[in-house]
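**Student:** could you work out the structure for the sequence below:
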Amino acid sequence: VSPERLASGLRAVAVSPDGKTLMSSIAQGHDITERKAAGNFLKLYNEALQLLNHTTEPETAIRAIPGLIKTRFGFEAVAIRLRDGEDFPYYETKGFPGDFVRAEHFLCARDQSGNILRDNAGKPALECMCGTILNGRSQPQRPYFTQGGSFWTNSITKLLASAGENSRKLIPRNRCTGEGYESMALIPLKSEDRLIGLLQLNDRRPNLFSPELVRLFEGLGAGIGIALASAAMREACETQEALNAMLRRSLANIPLQEKLNDHLTGLFALPWLSAEPKCAVFLMHPGNRTLALAAHRGFTQAIQLSCANVPADKCLCGKAAGSGQTAASGRLSPDHDILCEKMAPHTHYRSPITAGGKPHGMLTLYLNEGLLLSESRRRFIGAVAEIMAENIAQMQAGEQLSHAQNMEAVGRLAGGVAHDFNNILASIKGFGEFVLKNMPPQDSKRADVEEILTAADRATSLTRQLLAFSRRQIMSPCVLDLNKILGDMT
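**Tutor:** Numbers count the residues shown, from 1 in each chain. So this is what the prediction gives:
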């Protein structure tokens with residue numbers, strides 16, 4: 001391929017070792033007068049293909065692409081936004097100031113209560129020019145939009161000046177201007193015409209883009225979109241298989257702790273969880289509201305000892321259990337009350353294990369520091385917690401059934417003993433009454449016989465209680481004279 005011209009219909013395809021296409025895009029041939037730009041783009045394309053070809057994790061490769069673009073073209077700042085639920089937060093940034101990234105991380109406009117604002121069609125209101133591109137509302141008839149749905153300008157200052165009073169509508173947030181950026185391109189990432197993200201290129205120098213270069217980046221954006229869609233489809237299959245395996249294990253007649261440990265082992269078969277293989281399941285003590293470590297993977301002896309019992313109002317896990325809300329911390333924070341020596345920085349994700357509105361425990365994951373889970377992954381962890389909750393509820397129901405069966409067996413035994421004892425008492429009372437009837441009133445032994453009959457009456461009352469316990473006799477509630485009962489016992 002000539003450095004001055006990319007041949008019409010240049011096709012680049014990245015294929016994974018298992019034969020599945022990860023990236024496919026077509027760049028239409030256009031005259032490129034800048035030899036350096038053509039050479040840089042070809043190198044970038046080859047490097048991107050190599051990354052996607054030689055990794056089992058396309059996400060890792062896609063995170064590296066902003067750095068490649070920055071290196072090859074010298075842009076000051078490059079970023080990728082990806083869909084997460086209804087928003088498009090930054091997925092990876094290179095070169096943007098930290099304050100800028102924090103301020104611009106999310107695009108959805110929100111009210112004072114934090115609720116997403118929506119337009120008349122019920123769609124979330126995505127702010128600024130990034131939101132315009134991601135809403136698919138570009139206007140190709142305007143010079144700063146393309147037929148491919150991109151936005152680009154070689155001078156934000158001149159663009160806003162030409163817009164006049166409409167400048168605030170064009171770029172409402174205007175933080176790019178505040179940072180001094182002049183050249184900017186926003187390239188949509190698509191998969192089968194569905195917008196899944198955006199590639200953002202910013203630089204304080206003017207005049208860095210041309211229509212041809214933007215179209216080439218649109219081709220790269222299409223490839224990234226296909227790679228992401230392929231990765232998402234594969235991950236959906238992997239997570240569904242993981243849930244199916246958990247359901248199969250749930251049917252096994254094995255102890256709960258062994259079942260929970262097997263569930264945790266199955267979780268780490270997922271590539272996106274295997275990077276930081278640490279997680280645990282805590283069970284809630286109903287009486288004292290304490291979390292007890294029931295199963296874990298990757299915990300050191302020190303962590304096991306420190307986290308053996310966590311009060312419901314202490315540390316990250318205890319506080320999440322107390323609130324009943326899912327929570328995540330991107331790094332070690334002051335709320336991390338229980339710290340162990342040499343504990344590595346990590347993202348701490350907590351998902352309550354609840355069933356029927358009743359807390360049963362907590363599922364805790366240690367992830368790589370700064371990693372935030374996407375909405376689909378949060379839903380998956382929630383489904384895992386629900387399966388564990390059912391396992392715990394079944395175990396508790398089994399224990400209650402076993403207890404009820406034991407009590408029923410005790411009741412049957414008590415009923416049998418009561419009947420046999422009643423027969424013996426009937427003989428004692430019958431013969432005692434015969435003896436008492438034939439004794440003269442002045443007989444000194446008469447009081448002894450009366451005491452025998454009184455004891456027999458008390459024993460008869462006891463057998464009635466045993467029969468009531470065994471449910472073989474209808475209980476007859478009556479008013480008791482406690483003074484008399486206590487007097488008879490002395």
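**Student:** for stretch 263-279, which positions count as buried?
**Tutor:** 263-264, 266-268, 272-273, 276, 278-279 (16 or more other Cβ atoms under 10 Å). Every residue, glycine included, has its C-beta placed from N, CA and C.
**Student:** quick one: Ser250 and Ala389 touch, right?
**Tutor:** No: between Ser250 and Ala389 no contact is recorded; they are 10.8 Å apart, counting by Cβ atoms under 8 Å.
**Student:** more neighbours, those two?
**Tutor:** Ala389 (20 against 15; other Cβ atoms under 10 Å).
**Student:** which SSE is that one in?
**Tutor:** For Ala389, the enclosing helix or strand under DSSP states H and E is helix 375-437.
**Student:** packing partners of that helix?
**Tutor:** For helix 375-437, the helices and strands in contact under the criterion 3 or more Cβ pairs under 8 Å, 6 or more residues apart in numbering; DSSP states H and E are helix 211-250, helix 256-267, strand 347-355, strand 358-367, helix 446-469.
**Student:** just give me the neighbour total for the closest residue to Pro124 other than its chain neighbours.
**Tutor:** Using Cβ to Cβ, 6 or more residues apart in numbering and skipping residues adjacent in sequence, the residue nearest Pro124 is Glu86, 4.5 Å away. Other residues near Glu86 come to 13 when the count uses other Cβ under 10 Å.
**Student:** go on, Arg464?
**Tutor:** The local packing count at Arg464 equals 15, with neighbours defined by other Cβ under 10 Å.
**Student:** roughly how far apart are it and Gly415?
**Tutor:** Arg464 sits 11 Å away from Gly415, going by Cβ to Cβ, to the nearest Å.
**Student:** try Ile196
**Tutor:** With Cβ to Cβ as the criterion, Ile196 and Gly415 are 70 Å apart.
**Student:** so which residues of the stretch 51-200 of the chain form strands?
**Tutor:** With DSSP state E, counting those that start in this stretch applied, the stretch 51-200 of the chain shows strands at 77-82, 90-94, 151-153, 183-191, 194-203, listed in chain order.
**Student:** okay, these in JSON lines with distance to Gly221 next?
**Tutor:** Written out in JSON lines, the entries for those read as follows (distance: least, Cβ to Cβ, whole Å):
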{"stretch": "strand 77-82", "distance to Gly221": "9"}
{"stretch": "strand 90-94", "distance to Gly221": "13"}
{"stretch": "strand 151-153", "distance to Gly221": "12"}
{"stretch": "strand 183-191", "distance to Gly221": "4"}
{"stretch": "strand 194-203", "distance to Gly221": "5"}
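**Student:** and those strands as CSV, adding mean pLDDT, distance to Phe421 and mean neighbour count?
**Tutor:** Listed next are the strands of the stretch 51-200 of the chain as CSV, based on pLDDT from 0 to 100; distance: least, Cβ to Cβ, whole Å; neighbours: other Cβ atoms under 10 Å:
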stretch, mean pLDDT, distance to Phe421, mean neighbour count
strand 77-82, 95, 77, 24
strand 90-94, 92, 78, 19
strand 151-153, 95, 93, 23
strand 183-191, 93, 80, 24
strand 194-203, 94, 79, 22
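**Student:** so which of those strands gets nearest Ala308?
**Tutor:** Each of the strands of the stretch 51-200 of the chain was scored for nearness to Ala308 using Cβ to Cβ, and the closest is strand 90-94 (37.6 Å).
**Student:** what pairs with that closest one, parallel or antiparallel?
**Tutor:** strand 77-82 (antiparallel) (DSSP bridges).
**Student:** ok, back up a step: and the residue nearest to Pro124, what does it touch?
**Tutor:** Glu86 is in contact with 108, 116, 124, counting by Cβ atoms under 8 Å, 6 or more residues apart in numbering.
**Student:** can you tell me which of these has the most neighbours?
**Tutor:** Highest neighbour count within these, by other Cβ under 10 Å: Pro124, with 20 neighbours.
**Student:** beta-bridge partners for the closest residue in space to Gly298 that isn't next to it in sequence, please?
**Tutor:** If you skip the residues right next to it in sequence, Gly298 has Lys278 as its closest partner in space, 3.8 Å away by Cβ to Cβ, 6+ apart. Residues in a beta bridge with Lys278, per DSSP bridges, are Tyr366.
**Student:** could you measure from Lys278 over to Tyr349?
**Tutor:** Computed with Cβ to Cβ, the distance linking Lys278 and Tyr349 is 11 Å.
**Student:** and for those two, which residues touch both?
**Tutor:** In terms of Cβ under 8 Å, 6+ apart, Lys278 and Tyr349 are both contacted by the residues Leu365.
**Student:** hang on, the earlier thing: can I get the contacts of Glu86 in TSV with pLDDT and distance to Ile254?
**Tutor:** Compiled in TSV, the contacts of Glu86 are given as follows (pLDDT from 0 to 100; distance: Cβ to Cβ, whole Å):
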residue	pLDDT	distance to Ile254
Cys108	90	45
Ile116	87	44
Pro124	88	45
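**Student:** including distance to Gly219, could those residues go into CSV?
**Tutor:** Putting those into CSV (distance: Cβ to Cβ, whole Å) gives the following:
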residue, distance to Gly219
Cys108, 29
Ile116, 33
Pro124, 28
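**Student:** JSON lines for the helices and strands packed on helix 375-437, including distance to Leu68 and mean pLDDT?
**Tutor:** Putting these into JSON lines (distance: least, Cβ to Cβ, whole Å; pLDDT from 0 to 100) gives the following:
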{"stretch": "helix 211-250", "distance to Leu68": "10", "mean pLDDT": "88"}
{"stretch": "helix 256-267", "distance to Leu68": "32", "mean pLDDT": "89"}
{"stretch": "strand 347-355", "distance to Leu68": "25", "mean pLDDT": "84"}
{"stretch": "strand 358-367", "distance to Leu68": "25", "mean pLDDT": "85"}
{"stretch": "helix 446-469", "distance to Leu68": "78", "mean pLDDT": "82"}
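**Student:** Throw the buried residues of stretch 263-279 into TSV and include distance to Glu218, thanks.
**Tutor:** Conversion of those to TSV gives the following (distance: Cβ to Cβ, whole Å):
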residue	distance to Glu218
His263	44
Leu264	43
Gly266	41
Leu267	38
Phe268	38
Trp272	28
Leu273	34
Glu276	36
Lys278	41
Cys279	41
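**Student:** out of those, flag the one nearest to Asn483.
**Tutor:** Closest to Asn483 out of the buried residues of stretch 263-279 is His263 (60.2 Å), distances taken as Cβ to Cβ.
**Student:** isn't that closest one right up against Arg248?
**Tutor:** No: taking contact to mean Cβ under 8 Å, the distance of 10.9 Å between His263 and Arg248 leaves them out of contact.
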